[in-house]
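Enquirer: Mind looking at a prediction? Sequence and model below.
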Amino acid sequence: MAGAAVAARRTLLEFDAVAEAGQLGRSAPAPGSGTALTPKLRRTVFDAQQRQGLPGVPVRAEGAPPTSDPAADEAYDGLGATYALFSDVYGRSSLDGAGQPLQATVHYGIDYDNAFWNGAQIVLGDGDGEVFERFSKSLTVIGHELAHGIIQYTAKLIYQGQAGALNESVSDVFGALTEQYFLRQTASGASWIIGEGLFTPEVNGRGLRSMSEPGSAYDDDVLGKDPQPADMTGYVETTSDNGGVHLNSGIPNRAFYLTAAGLGGYAWERAGQIWYDTITEPNFPADCTFSLFAAATITAAEKRYGAGTEESSAVQAAWREVNVMV
């Protein structure tokens, strides 16, 4: 397991880091286009056949029956589940707000321990079978990768430092909400684990990250312990991982969880709406810091629900709890 573990440790710290390329050179749709729901869901799943050329061979198109390949069908269903969250709840037509077709490639590379958004589609590896199962098994992972596409067309958060950590965190938020909406789970009934079920039985861990308890997702003799901080007292200053984007994302992740838990009910409703309103605000700063993002979520809560409301108070309390605001 040693060779696989080395690659797996890198995956845990740099999960979907290829997404950085997808943030460059892309333009957002015109303001307000996120409410144009005339375009319908259009999905295509491709098979890379263990190669790394994209997109690969098409194996399932929109409306086609299930295949004999679990990975292809999981990807197809995951694309649909993510589309449903943004369409049904937030009135957004696909990633670009204008009905962009959704594409996924499965069976990418040989024993590929990762998944990523490349600026146009999501790509899912099969895992090595020792540390990771196939990445298509996780609806939170599929939702996370597609959420990078949402960010590409909205907030355009750069993939570096605190802005990069927010890019990762917002993707985790909507990855978690995709699964919760699909399963109709309340905030108290959800696991808040990103990538739950991806580890093989050989690994002592629940998933890639915990949004409710950052730093607790895994504790394994070979992989080590989950290094994510839960608040600013543990903030990691580093030049690796694009300035710690996959580490420090635990801080805003927990702020969202605390907001959702404080409000109760379905997290995609009020908490999710506030976060969605925040990233779709025109002229959002691409180099946003944690403190600026916290202030923006409070503004979004007050704009939609009013100052001094339960929603505004929950957001403020959450950011205070993680020591971003005093």
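Expert: Okay, I see it. Numbering: from 1, shown residues only.
Enquirer: What ranges does this structure have for its helices?
Expert: Along the chain, the segments classed as helices by DSSP state H run 2-14, 19-22, 70-84, 90, 139-153, 161-183, 241-248, 250-263, 270-279, 290-305, 310-321.
Enquirer: Tell me which of the ones you listed approaches Phe46 most closely.
Expert: helix 70-84 (8.6 Å; C-beta to C-beta). To be clear about C-beta, it is placed using only N, CA and C from the backbone, and glycine gets the same treatment.
Enquirer: same for the helix or strand just after that closest one, what does it pack against?
Expert: The C-terminal neighbour of helix 70-84 among helices and strands, as given by DSSP states H and E, is helix 90. Using 3 or more C-beta pairs under 8 Å, 6 or more residues apart in numbering; DSSP states H and E as the contact test, the elements touching helix 90 are helix 270-279.
Enquirer: now what about the longest strand along the chain, what contacts it?
Expert: For the chain, the longest strand by residue count, based on DSSP state E, is strand 102-108. Residues outside strand 102-108 that contact it (C-beta atoms under 8 Å, 6 or more residues apart in numbering) are 41-52, 54-56, 69, 71-72, 74-76, 78-79, 82-83, 94-95, 120-126, 134, 136, 142, 146.
Enquirer: Of the residues you listed, just the buried ones, ChimeraX syntax please.
Expert: Selection of the buried residues among the contacts of strand 102-108 in ChimeraX, burial being defined by 16 or more other C-beta atoms under 10 Å:
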select :41,42,43,44,45,46,47,48,55,56,69,71,72,74,75,76,78,79,82,83,94,95,120,121,122,123,124,125,126,134,136,142,146
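Enquirer: any idea which helix or strand of this structure has the worst average confidence?
Expert: helix 19-22 (a mean of 43; mean pLDDT, DSSP states H and E).
Enquirer: pLDDT score assigned to Ala261?
Expert: Ala261 carries a pLDDT value of 98.
Enquirer: ok, so what distance separates the nearest residue to it once chain neighbours are set aside from Tyr181?
Expert: Spatial nearest neighbour of Ala261, excluding adjacent residues (C-beta to C-beta, 6 or more residues apart in numbering): Ala187 at 5.3 Å. Distance, Ala187 to Tyr181, using C-beta to C-beta, to the nearest Å: 12 Å.
Enquirer: and what of Pro252?
Expert: Per C-beta to C-beta, Pro252 is found 20 Å from Tyr181.
Enquirer: Between the two, point out the one with more neighbours.
Expert: Pro252 (28 against 24; other C-beta atoms under 10 Å).
Enquirer: pLDDT below threshold where in the stretch 1-150 of the chain?
Expert: Filtered on pLDDT under 70, the stretch 1-150 of the chain yields the residue ranges 1-15, 17-39.
Enquirer: picking that back up, of all the helices of the chain, which lies closest to Ile110?
Expert: Of all the helices of the chain, it is helix 2-14 that lies closest to Ile110, at 11.6 Å by C-beta to C-beta.
Enquirer: confidence score at Val222?
Expert: The model's pLDDT for Val222 equals 88.
Enquirer: Span of stretch 110-120 from start to end?
Expert: End-to-end distance of stretch 110-120 (C-alpha to C-alpha, to the nearest Å): 22 Å.
Enquirer: Pull out the buried residues from it.
Expert: Buried residues in stretch 110-120, counted by 16+ other C-beta under 10 Å: 111-120.
Enquirer: Please apply the same query to stretch 177-195.
Expert: 177-182, 185, 187, 190-195.
Enquirer: CA atoms only: put it into PDB for me.
Expert: This file holds the C-alpha atoms of stretch 177-195, laid out as PDB (Å, rounded to 0.1, in the frame of the first residue of the first chain):
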ATOM      1  CA  LEU A 177     -25.900  20.600  -0.700                       C
ATOM      2  CA  THR A 178     -26.200  18.600  -3.900                       C
ATOM      3  CA  GLU A 179     -26.100  15.400  -1.900                       C
ATOM      4  CA  GLN A 180     -28.400  16.700   0.800                       C
ATOM      5  CA  TYR A 181     -31.000  18.000  -1.700                       C
ATOM      6  CA  PHE A 182     -30.900  14.600  -3.600                       C
ATOM      7  CA  LEU A 183     -31.400  12.700  -0.300                       C
ATOM      8  CA  ARG A 184     -33.700  15.300   1.200                       C
ATOM      9  CA  GLN A 185     -31.500  15.400   4.300                       C
ATOM     10  CA  THR A 186     -31.900  18.100   7.000                       C
ATOM     11  CA  ALA A 187     -28.800  19.900   8.300                       C
ATOM     12  CA  SER A 188     -28.900  17.800  11.500                       C
ATOM     13  CA  GLY A 189     -29.400  14.600   9.500                       C
ATOM     14  CA  ALA A 190     -26.500  15.000   7.000                       C
ATOM     15  CA  SER A 191     -23.000  13.700   7.500                       C
ATOM     16  CA  TRP A 192     -21.200  16.900   6.200                       C
ATOM     17  CA  ILE A 193     -18.500  14.700   4.900                       C
ATOM     18  CA  ILE A 194     -17.000  15.400   1.400                       C
ATOM     19  CA  GLY A 195     -16.100  12.200  -0.400                       C
END
